[in-house]
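In: Please find the sequence and the predicted model below.
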Amino acid sequence: MSRLFDITINRRKLLTSAAVVGAGALALANTQCDPALVRRVHQIEGRRDPRHAVWVWQFSEDGTADEIAATLAANNLAAIVKTHDGVEWMANFDHVPGAIDGPAQVGTIAGIFESYGVPFHAWCVVKGVDPVREAEMAAAVLANGARSLTLDLEDHPGFWEGTRVSAAIFGAELRARNAFARVDVSVDPRPWLNLRLPIDEFVHVTDGIRPQLYWDLFQGVDQRNAWAYMGYPAVEGVTPEFLVDASIRMFAAHDRWLLPIAHASPGDGASFARFAHRAWQHQMPELSVWRYAIADTALLDYLRRNPPGAEPSGV
């Protein structure tokens with residue numbers, strides 16, 4: 001197994017699932033295996049052409065789907081595009097032609113990206129106020145062209161408003177509609193901001209964790225003190241290396257892919273290269289950056305020159 005896939009997982013579980021792979025996807029879907037294990041095998045098999053990714057928020061802010069897709073294609077990158085917020089499609093916020101207003105438009109946008117050879121992934125904000133409806137919308141996104149869906153789970157105004165019960169309902173409803181699709185969860189890594197969030201309930205039904213490692217934004221004495229208070233002393237500061245290492249400590253026990261997100265406008269290119277190298281050292285399979293509108297050509301070129309798997313270079 002290559003370095004890209006040599007991550008810590010339960011060997012017995014993986015072998016149990018891997019034995020099923022040869023029978024094909026249909027047989028996998030009909031087996032009594034835990035769906036999470038089947039998804040893990042599919043993810044390993046599907047990573048023969050892994051890509052780093054760039055997040056897209058609103059077409060009014062980031063550009064048209066064609067413009068974004070052409071740039072990402074030139075840099076061999078994937079897209080992670082926002083489709084909805086709670087129970088509202090993005091057209092309610094993104095007032096431009098072509099904004100996503102429902103499942104059919106998800107399919108249209110997915111088709112645009114894929115026509116350029118850009119893998120289309122989606123993301124949404126989960127709120128937990130109407131978990132059944134949110135699950136229906138998430139499943140519809142996955143059914144209309146998204147290769148995966150990332151659930152943005154944060155304890156900030158306008159984000160999660162639900163409870164652990166509503167989180168469990170959402171997860172059960174989503175997996176009842178689609179047991180085998182790739183679903184990830186994205187969180188702010190600062191532990192004091194996650195105390196009220198139902199992270200365990202979400203991790204239970206998801207396949208990867210995408211920590212938001214914005215070292216250039218997490219600076220200051222108060223931030224360092226808060227990290228130390230929570231048991232993560234940032235002796236050399238809140239550096240890229242510190243955040244990657246802290247994420248390992250926080251999330252490794254969940255036995256999920258760790259797919260770190262960096263801010264697309266770091267203070268300097270060297271810090272991003274250090275981030276990429278540290279993530280590679282921890283065998284994190286791919287990187288992504290938030291977001292397209294603030295990612296300069298140098299950063300996109302760096303991601304192109306340093307694809308997942310190989311040891312990344314300096315700037």
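Out: That came through, no problem. Numbering: from 1, shown residues only.
In: pretty sure A73 is in a helix, no?
Out: Yes. The assignment for A73 is a helix, going by DSSP: H, G, I helix; E, B strand; the rest coil.
In: got a pLDDT number for the residue nearest to P103 when sequence neighbours are not counted?
Out: Closest residue to P103 apart from its sequence neighbours, by C-beta to C-beta, 6 or more residues apart in numbering: A140 at 4.1 Å. Yep, even glycine has a C-beta here, placed from its N, CA and C like the rest. A140 is assigned a predicted lDDT (pLDDT) of 98.
In: Please apply the same query to M284.
Out: As predicted, M284 sits at a pLDDT of 93.
In: do L15 as well
Out: At L15, pLDDT is 33.
In: what does L259 give?
Out: So, for L259, pLDDT stands at 96.
In: doesn't P285 make contact with it?
Out: Yes. Taking contacts as C-beta atoms under 8 Å, L259 lies within contact range of P285: 6.7 Å.
In: which residues does V126 contact?
Out: Listed by C-beta atoms under 8 Å, 6 or more residues apart in numbering, the contact partners of V126 are G86, E134, L151, D152, L153, W160, G162, F170, F202.
In: Contacts only, for the last one.
Out: F202 makes contact with V126, L151, L153, A167, G171, V185, according to C-beta under 8 Å, 6+ apart.
In: ok, so of those residues, who is nearest A293?
Out: Nearest to A293 out of the contacts of F202 is L151 (C-beta to C-beta; 22.2 Å).
In: I'd guess that closest one is in a strand, am I close?
Out: Yes. The assignment for L151 (three-state DSSP) places it in a strand.
In: quick one: contacts for it?
Out: W123, C124, V126, A138, V183, D184, V185, S186, F202, T206.
In: can I assume the fourth one is in contact with L174?
Out: Yes. Counting by C-beta under 8 Å, A138 touches L174, with 5.3 Å between them.
In: what is in contact with those two at once?
Out: Here A138 and L174 share the contacting residues V183, scored by C-beta under 8 Å, 6+ apart.
In: what about the strands in the stretch 201-315 of the chain?
Out: 208-213, 257-258, 261-263, 288-290 (DSSP state E, counting those that start in this stretch).
In: ranking the contacts of L151 by neighbours, who comes first?
Out: The residue in the contacts of L151 with the most neighbours, by other C-beta atoms under 10 Å, is V126 (30 neighbours).
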